[in-house]
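S.K.: Give me a model of this one.
(2 chains)
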There are 2 protein chains.
Amino acid sequence: MFLDKITMFEEKLTLLKKLAKLVRYYILISTTTAGSGHPTSCLSATDLLVALMFGGYFRADLDNPKNPNNDRLIFSKGHAAPLLYSLYAAAGKLTEEEIKTLRKINSPLEGHPTPNFPYSEAATGSLGQGLGIGVGLALHAKLANLSYKTYVLLGDGEMAEGSVWEAMQIASHYKLNNLVGILDVNGYGLVGPTMLHQDLQAYATRIEAFGWEAITVDGHDLEQICEVFDSIQNFSDRPVMIVAKTEKGAGINLPEIANVHGKSLTTEQLQKALENLGEIDTTILGQVKPPENIQLSNTSQNLSTVKITPKTYSLNELVATREAYGQGLAELASENPDVIALDADLSTSTFAYRIKEVDPNRFLEMFIAEQNMVSVATGLALRGRIPFCSSFGAFLTRALDQIRMARYSQANVKFVGSHAGVSIGEDGFSQMGLEDISMFRCILDSVVLYPSDAVSTKALVKEMAKHVGITYLRTSRPKVPVIYSSDESFVIGGSKTLRSSAKDEVTIIAAGVTVHEALKAYAILLQEGIVVRIIDLYSIKPIDGPTLIQAAQETKALLVVEDHYREGGIYGAVSEFLCNSREFSVKPIPIYSLAVNKLPRSGSSEELLAFVEIDAQAIVKKVKQIIYYL
Amino acid sequence: MFLDKITMFEEKLTLLKKLAKLVRYYILISTTTAGSGHPTSCLSATDLLVALMFGGYFRADLDNPKNPNNDRLIFSKGHAAPLLYSLYAAAGKLTEEEIKTLRKINSPLEGHPTPNFPYSEAATGSLGQGLGIGVGLALHAKLANLSYKTYVLLGDGEMAEGSVWEAMQIASHYKLNNLVGILDVNGYGLVGPTMLHQDLQAYATRIEAFGWEAITVDGHDLEQICEVFDSIQNFSDRPVMIVAKTEKGAGINLPEIANVHGKSLTTEQLQKALENLGEIDTTILGQVKPPENIQLSNTSQNLSTVKITPKTYSLNELVATREAYGQGLAELASENPDVIALDADLSTSTFAYRIKEVDPNRFLEMFIAEQNMVSVATGLALRGRIPFCSSFGAFLTRALDQIRMARYSQANVKFVGSHAGVSIGEDGFSQMGLEDISMFRCILDSVVLYPSDAVSTKALVKEMAKHVGITYLRTSRPKVPVIYSSDESFVIGGSKTLRSSAKDEVTIIAAGVTVHEALKAYAILLQEGIVVRIIDLYSIKPIDGPTLIQAAQETKALLVVEDHYREGGIYGAVSEFLCNSREFSVKPIPIYSLAVNKLPRSGSSEELLAFVEIDAQAIVKKVKQIIYYL
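M.R.: Prediction:
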């Protein structure tokens, strides 16, 4: 029996060595055929990944990448994508011809992993984000009582990204013993040695200080690697990081390319590398262990969901939109078990904490680490959850790179930015979201919503959940009167025309807090005999084109008023839309802007709206100017 | 002598205790008068800061906050601003009346520190950024041979921000023994306990793992605190973090407000607090030790500067704009000793490494940590340097929050984003900057430049250095022909009309790579008898209004072609400007857009320009459509 085990282990090692050669072969031919790529960064991680995939550790049904019981594998060092593809080629899921399409225009085998390749769990390539996504995947397993494990391949260079340490601390805080990091310490970045080069102990010390178990290993010794994977099969109480000393360009004995970053081998180098690699057995097939077959219970059964009675608001009741967001989130969560909320130590200000009334397990405190919050949400979304991430609108700017990558992962993440604009008041510019509309508009296919009262906020929270894709809701700090009756309906791409007559001279387009200023301005102007149209443009992207065109045809000028910098904001959205529309080009009219175009400061909300000239008085003044010049 | 020392120390402690009371008094009255603010977060750090400032450790000439020998103090936990102001009140630099203007509209005492208060080193308030700024200040001292120290007050909540750990690792990497962190572990964030609550040892372990010295202390025991400051007066070889156990709301014995975040005391609570605080001596004055008087040598004398011969380019020579950036940077650095470059492990791709030819000490490798790179640059800029921060345009999105805060610090930081757009080619969307123009345009008063060839790039690098303020230069990966002669001049706010005649039907507005596509389209269209105007809009912000208006008056339509998402990009800039301009409103014409409006992927640069329809063929097709509909 003991001897049998030894023999089996030796046979396994022999097979793994052959598979590692085969995988190296695919890496080399695919990158040289492409004429670009990162072969050396793939070669350093090859033995680690071959052992994981084909050593009986990674468990997945390769015929069904969507199987909820599959182990998950994230290539955080996305530039090792050819290794990912080569593993699946060795597993028989890609032919040699297919792998040679690497980086070509119609191939699913892109330069960095994307959802076009069904086995890439997420889009990566912007470094330091994979571990956070892995935390999301591992959290989902915990919440859904699934036994799959999440593996994340990390490069040593990306350990310099703070977002990695955000993910590290959250993983240990949530005791994610189903999360395994594989750190490929090849010692070199693009330009030269990494900060810690190959000081494995320095990495291990940092990793353990952050509450993980760190295991160091020779990343090219398949026997040692298998022993490590064997040793971590029994769950401990914490995540594990395998810290592997590797060589950039290992296995092909080609000193001229060792440690060179991001260059494919020339045909001559390839030939030499293949000679050094020795005979390749292309007939062998890497076998992946099948997953456990845990029946996925309906998520709602796993959750103790309290029903929240839908709240109705009375007209003129003073409610902050952020408060209505909390109410909407709680109502939504009580109807939809997939809804989950994440916040970065601001949940009592953003009102995200309200979801705890429905189910405390569906609130994930991410502490003050916005980047990781977005990556975790991405991981959760990739497993079918509908995560709502909230913070101040100002602080979501911290995570633009992660938001961009969430879009590329096709992750259905919802964002809520509160305390937006100068209307936050005394806290000053550091807390004012004045770039958030611009930032979210620039995400491909995104939805950007900015409601003005409690009724529209609550309705739009529910619309957000129905829509699949990156969606942003902007909320405000001050209490404002309810202007809609509770049965009013709101849709993505819609708007509300609040004041309208055949005599309208100018159309005022507002959203959020400026809707209330516009309504005040309307009353003042009316007393002076000036009639204006008021549009509540609560959906900034997509934008309500027909209503804007109609206003442009029926009134003589448009005035956009927003609590945001001018560039790329609501005025930007309106002018971009109209300038590019046929109807407007036939009969164009001037479009004016009132926006935050000077440095804001501390002061009361009202003082600041006046200071940056977006309050009712400023609107009145501007409308009169516009009419004077018409 | 020994007894004298003891007596002196006891006298010092007695005075410090009185000053701590006085500072607490100012904190309490200022926040209650303001009706908002974070008194408890100030009170926890009061004893630490009183000891630092008035215990003979902090050295500064308070009559000259700009003295280059002054020690620097950053409040990374910016919400403790009332403590900052109260320290200067205790030092006699603010009266009681003045401190009561806290958070009022015209007061320099804003909710979070801003440059309006001359003793606040930088704008803070977005957590986790102060230490990186401190690293920049400390690096400047090293580079300029100055002996000042940099102190950074950190909150425990913000230790969750990855950017803090980015700063930690760089500080130890660069052996910044002139940097002292003071970590105020009061154990509570906004919502509840911080992740590590008051586990001082856990903090110390992490801090030491990152190469710092960690010293734990009772943050309310002035004697202990002074002993710690005494012990760190002799430089070691590493930065020091004082990890202090504190109480949120310490010193006023008011359990109902302890650990409450961001709420000022009611008048009743204030009265009780003041009673508990006991007698206040408002006649005492905190004395700050004067700085050393090191003559600041001209920075150029400290630097071994090699003169770089200005390079001229021949027409049609193939040069990537990123390559010309490196040349321009090297030339600039050889002329201006304040110029310094930072890059995040991409300097051989962004060509920032070229500055090393001038002086290797003026290149700072920031490794793969873009957020900290920007904060360090902010610190350097605040001490008079002109830092150029480069990375791929895509990865600068990582640091939007830091860029925003750099603007609020009035830091003169230059940004260079390379490999922008789909023209990067095979690497795929994760590496494509498609949001960078929008992002930088939305920074107040920013400058956004996007040159199309080597000559204009090099010229604009020099213009960037002349301009004071946040400036962004976008460069591209592919080699493109030089289109300007080397003596051509380029200015911020300018453009070049490359093709123009009295018969122009449509104006094509392009920048960067699309200028070359537009020129190709021009030739094709001309053969078919269609004459178009071509504008190289190399300055996107500020924009060349007169040229755009002239084009709108002389041609029948505008077509903006850009390698960027449409929202907030060049088309956005053009339509925002024109829609808001009087001349255009008198005779408006349609403005059309060709931009990246679908999901890009891997492929060659040429294939991708065609795929997203911004290449010459797409321009030709669009111009014909426009003319057909005119």
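
S.K.: Spell out whether the top strand by length along chain A and chain B are in contact.
M.R.: If you go by DSSP state E, chain A has its longest strand at strand A:557-565. Yes - Strand A:557-565 reaches chain B (CB under 8 Å from any CB of the partner chain) through A:557, A:565. C-beta coordinates here come from the backbone N, C-alpha and C atoms, glycine included.

S.K.: Let me know the next secondary structure element after that strand.
M.R.: helix A:570-579 (DSSP states H and E).

S.K.: contacting residues around that next one?
M.R.: Residues from elsewhere that reach helix A:570-579 (CB atoms under 8 Å, 6 or more residues apart in numbering or on different chains): A:437-438, A:441, A:450, A:509, A:511, A:537, A:540-541, A:543, A:545, A:548-549, A:552, A:558, A:560, A:562, A:564, A:566, A:584-585, A:588, A:591, A:593, A:595, B:566-568, B:571-572, B:575-576, B:578-580, B:590-591, B:593.

S.K.: excluding its backbone neighbours, what's nearest residue A:172?
M.R.: residue A:211 (2.8 Å; CB to CB, 6 or more residues apart in numbering or on different chains).

S.K.: Can you spell out which helices and strands pack onto the longest strand of chain A?
M.R.: Contact partners of strand A:557-565 among helices and strands, from 3 or more CB pairs under 8 Å, 6 or more residues apart in numbering or on different chains; DSSP states H and E: helix A:436-441, strand A:506-510, helix A:513-527, helix A:545-554, helix A:570-579, strand A:591-596, helix A:616-629.

S.K.: Out of those, which gets nearest to residue A:247?
M.R.: Nearest to residue A:247, of all the helices and strands packed on strand A:557-565, is helix A:436-441, at 40.9 Å by CB to CB.

S.K.: quick one: contacts of the closest one?
M.R.: Taking CB under 8 Å, 6+ apart as the rule, helix A:436-441 contacts A:393-394, A:396-397, A:400, A:403, A:415, A:417, A:420, A:446, A:448, A:450, A:470, A:472, A:474, A:540-541, A:562, A:564-565, A:567-570, A:572-573, B:400, B:435, B:438-439, B:441-442, B:567-568.

S.K.: I would like the residues contacting the helix or strand of chain A with the lowest mean pLDDT, please.
M.R.: One helix or strand of chain A scores below all others by mean pLDDT, DSSP states H and E: helix A:582-586, with a mean of 82. Helix A:582-586 is contacted from outside by A:549, A:552-553, A:578-579, B:557, B:589-590, B:629, using CB under 8 Å, 6+ apart.

S.K.: pLDDT for the residues you listed - can I get that in JSON lines?
M.R.: Below are these laid out as JSON lines (pLDDT from 0 to 100):
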{"residue": "A:549", "pLDDT": "97"}
{"residue": "A:552", "pLDDT": "95"}
{"residue": "A:553", "pLDDT": "95"}
{"residue": "A:578", "pLDDT": "94"}
{"residue": "A:579", "pLDDT": "91"}
{"residue": "B:557", "pLDDT": "95"}
{"residue": "B:589", "pLDDT": "89"}
{"residue": "B:590", "pLDDT": "91"}
{"residue": "B:629", "pLDDT": "84"}
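
S.K.: From what I see, residue A:344 and residue A:364 are in contact.
M.R.: No - taking contacts as CB atoms under 8 Å, residue A:344 lies outside contact range of residue A:364: 10.3 Å.

S.K.: Look at these two and report which has more neighbours.
M.R.: Taking other CB atoms under 10 Å in any protein chain shown, residue A:344 and residue A:364 do not tie; residue A:344 has more neighbours (33 against 24).

S.K.: Tabulate the helices and strands packed on strand A:557-565 (JSON lines), appending mean neighbour count.
M.R.: Formatted as JSON lines, the helices and strands packed on strand A:557-565 follow (neighbours: other CB atoms under 10 Å in any protein chain shown):
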{"stretch": "helix A:436-441", "mean neighbour count": "29"}
{"stretch": "strand A:506-510", "mean neighbour count": "28"}
{"stretch": "helix A:513-527", "mean neighbour count": "21"}
{"stretch": "helix A:545-554", "mean neighbour count": "18"}
{"stretch": "helix A:570-579", "mean neighbour count": "27"}
{"stretch": "strand A:591-596", "mean neighbour count": "24"}
{"stretch": "helix A:616-629", "mean neighbour count": "17"}
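
S.K.: Is it possible to get TSV of the ones you listed that adds distance to residue B:324?
M.R.: TSV is the format used below for the helices and strands packed on strand A:557-565 (distance: least, CB to CB, whole Å):
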stretch	distance to residue B:324
helix A:436-441	29
strand A:506-510	42
helix A:513-527	44
helix A:545-554	42
helix A:570-579	31
strand A:591-596	35
helix A:616-629	44
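
S.K.: Where does chain A get nearest to chain B, which residue?
M.R.: residue A:162 (2.3 Å; CB to the nearest CB).

S.K.: Quick one: name the residues of the stretch 501-630 of chain A near chain B.
M.R.: By CB under 8 Å from any CB, the part of the stretch 501-630 of chain A that sits against chain B consists of A:541, A:557, A:565-569, A:571-573, A:575-576, A:578-580, A:582, A:584-585, A:588-593, A:597-599, A:601-604, A:607-608, A:611, A:629.

S.K.: If we use 6 Å, what do you get?
M.R.: Residues of the stretch 501-630 of chain A lying close to chain B (CB under 6 Å from any CB of the partner chain) are A:565, A:567-568, A:572, A:575-576, A:579-580, A:585, A:588, A:590-591, A:593, A:601-603, A:607.

S.K.: cool, and the stretch 351-500 of chain A?
M.R.: So the stretch 351-500 of chain A meets chain B at A:367-369, A:397-398, A:400-401, A:404, A:408, A:426-430, A:435, A:438, A:441-442 (CB under 6 Å from any CB).

S.K.: how about the strands in the stretch 401-550 of chain A?
M.R.: According to DSSP state E, counting those that start in this stretch, the stretch 401-550 of chain A carries its strands in the segments A:414-418, A:447-449, A:471-474, A:479-481, A:496-499, A:506-510, A:532-536, A:539-541.

S.K.: okay, the residue nearest to the residue of chain A closest to chain B when sequence neighbours are not counted: pLDDT?
M.R.: Distance criterion CB to CB, 6+ apart; nearest residue to residue A:162, sequence neighbours excluded, is residue B:162 at 2.3 Å. On pLDDT, residue B:162 comes in at 98.

S.K.: just residue A:325 next, same as before
M.R.: For residue A:325, the predicted pLDDT is 98.

S.K.: Off-centre distance for stretch A:477-497?
M.R.: How far stretch A:477-497 lies from its chain's middle: 28 Å, per CA atoms, centre = their mean, to the nearest Å.

S.K.: What distance do you get for the most centrally placed residue in chain A to residue B:150?
M.R.: What sits nearest the mean C-alpha location of chain A, by CA atoms, centre = their mean, is residue A:406, with 2.8 Å. Note on residue A:406: its distance to residue B:150, by CB to CB, to the nearest Å, is 36 Å.

S.K.: dump the residue contacts of residue A:610.
M.R.: Neighbour list for residue A:610: empty [criterion: CB atoms under 6 Å, 6 or more residues apart in numbering or on different chains].

S.K.: List the buried residues for whatever helix or strand it lives in?
M.R.: Under DSSP H and E, the secondary-structure element containing residue A:610 is helix A:605-611. Going by neighbour count (16 or more other CB atoms under 10 Å in any protein chain shown), the buried part of helix A:605-611 is A:605, A:607-611.

S.K.: Farthest pair within the contacts of helix A:582-586?
M.R.: Spanning the widest gap among those are A:553 and B:557, at 20.0 Å by CB to CB.

S.K.: thinking again about what came up before, model confidence for the residue nearest to the centre of chain A, exactly?
M.R.: 98.

S.K.: do the same with residue A:298
M.R.: At residue A:298, the pLDDT recorded in the model is 54.
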